[in-house]
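Here's my sequence, what's the structure:
(chains A and B)
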Amino acid sequence: MRLATWNVNSITARLPRVLAWLEAARPDVLCLQELKCDDEAFPREAIEELGYDVASHGAGRWNGVAVLSRVGLDDVTRGFVDEPAYDDAVQPRALGATCGGVRVWSVYVPNGREPGHAHYDYKLRWLDALHSTVLAEDDPARPFAVLGDFNIAPTDDDVWDIALFADSTHVTAPERAALAVLRDAGLSDVYPRALKYDRPYTYWDYRQLAFPKNRGMRIDLVYANKAVTDAVTDSYVDREARKGKGASDHAPVVVDLTL
DNA sequence: ATGTCTCTGTTCCAGAGA
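Sure thing, here's the model as predicted:
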């Protein structure tokens, strides 16, 4: 089985690339983030024509997550129990589904903007709700994985120059502690191969030629339980998908399993 | 140089978010 996750930065703008990537990589399950469209506007027919079932959870111009699967798509859950709100609204940032016996969650963790900002506090509260969901749902007997844009670089090696990240989000101790709590709950960071250079970055800013200079970050993560990690045969970041005009600023992360 | 990209609404550009 091949699992994948990709922050597409608008499914509408990215549809031709997503369709081409689905045909080339043929993942069994693809978790998407930053749909930036309502569920009614989600281009599901074009994706279904490639043999995928679609579950989306989107609203308005920001956020939005989906799971595409060609191995079944059952028990779809939109959002977490007691998911925190921002500005009085619960945003579409999490969708759970059971696909071919694997319980997956597609997540788009809040950015946080800057430490001390209300959005940063929201980010940490949102990660608490993710932790609660992991505790409630993770059964060692069932393959379980959280895939998505965590907006956290787990270590200093997961950004191109840690010296430039002083006082920035994505690298602070509380954010990393939230990942440690997930590991304490039994999940592991499935560390992918880089197809070029030494570090498997998954995101490169559109600005300042960040991609050609490889000024990237590894913030799109796969956190999986032992039933999944024991079955991993390969994992890589498909940086080819970040190339050229019309690319998302994130690349897909692929995980291959013997399941 | 916050130097790009995408969306929406106040629309044929500006502001917001990332």
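
Enumerate every residue touching the nearest residue to A:Glu23 once chain neighbours are set aside.
Nearest residue to A:Glu23, sequence neighbours excluded (Cβ to Cβ, 6 or more residues apart in numbering): A:Leu50, at 6.5 Å. No exception for glycine: its C-beta is placed from N, CA and C like everyone else's. By Cβ atoms under 8 Å, 6 or more residues apart in numbering, A:Leu50 lies in contact with A:Leu19, A:Leu22, A:Glu23.

ok but the first one is inside a strand, no?
No. Counting by DSSP: H, G, I helix; E, B strand; the rest coil, one finds A:Leu19 to be helix, located in no strand.

what residues are up against it?
Residues near A:Leu19 by Cβ under 8 Å, 6+ apart: A:Ala46, A:Ile47, A:Leu50.

and the gap between A:Phe150 and A:Gly72?
Distance of A:Phe150 to A:Gly72, given as Cβ to Cβ, to the nearest Å: 26 Å.

I should have written A:Ala129 there, sorry.
Counting by Cβ to Cβ, the gap from A:Ala129 to A:Gly72 is 26 Å.

so how far is A:Phe165 from the residue nearest to A:Glu23?
From A:Leu50 to A:Phe165 the distance is 39 Å (Cβ to Cβ).

For the closest residue in space to A:Asn7 that isn't next to it in sequence, give me its contacts.
Leaving aside its chain neighbours, A:Asn7 sits nearest to A:His250 (3.8 Å; criterion: Cβ to Cβ, 6+ apart). Residues near A:His250 by Cβ under 8 Å, 6+ apart: A:Trp6, A:Asn7, A:Val8, A:Asn9, A:Asp149, A:Thr202, A:Tyr203, A:Asp220, A:Arg242.

let's go with 10 Å and repeat that
Applying Cβ atoms under 10 Å, 6 or more residues apart in numbering to A:His250 gives the contacts A:5-9, A:33-34, A:149, A:201-204, A:216-217, A:219-220, A:237, A:241-242.

Might you report the residue contacts of the residue in the stretch 101-250 of chain A that DNA strand B sits nearest to?
Relative to DNA strand B, the nearest point of the stretch 101-250 of chain A is A:Tyr206 (3.6 Å; Cβ to the nearest atom of the strand). For A:Tyr206, the contact set (Cβ under 10 Å, 6+ apart) comprises A:Asn9, A:Ala247, A:Ser248, A:Asp249.

what about 6 Å?
A:Asp249 (Cβ atoms under 6 Å, 6 or more residues apart in numbering).

how far away is it from A:Leu32?
The value you get for A:Tyr206 to A:Leu32, if Cβ to Cβ is used, is 19 Å.

And A:Ile152, by the same measure?
Using Cβ to Cβ, A:Ile152 is found at 19 Å from A:Leu32.

Compare those two (neighbour count), which wins?
A direct count of neighbours by other Cβ atoms under 10 Å for A:Ile152 and A:Leu32 places A:Leu32 higher, at 30 against 24.

about what we covered before: can you narrow the contacts of A:Leu19 to ones near DNA strand B?
By Cβ under 7 Å from any atom of the strand, no member of these lies near DNA strand B.

Make JSON lines from those residues and add secondary structure and pLDDT to it.
Shown next, in JSON lines, are these (DSSP: H, G, I helix; E, B strand; the rest coil; pLDDT from 0 to 100):
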{"residue": "A:Ala46", "secondary structure": "helix", "pLDDT": "97"}
{"residue": "A:Ile47", "secondary structure": "helix", "pLDDT": "98"}
{"residue": "A:Leu50", "secondary structure": "coil", "pLDDT": "98"}
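
That's all I had, so thanks and see you.
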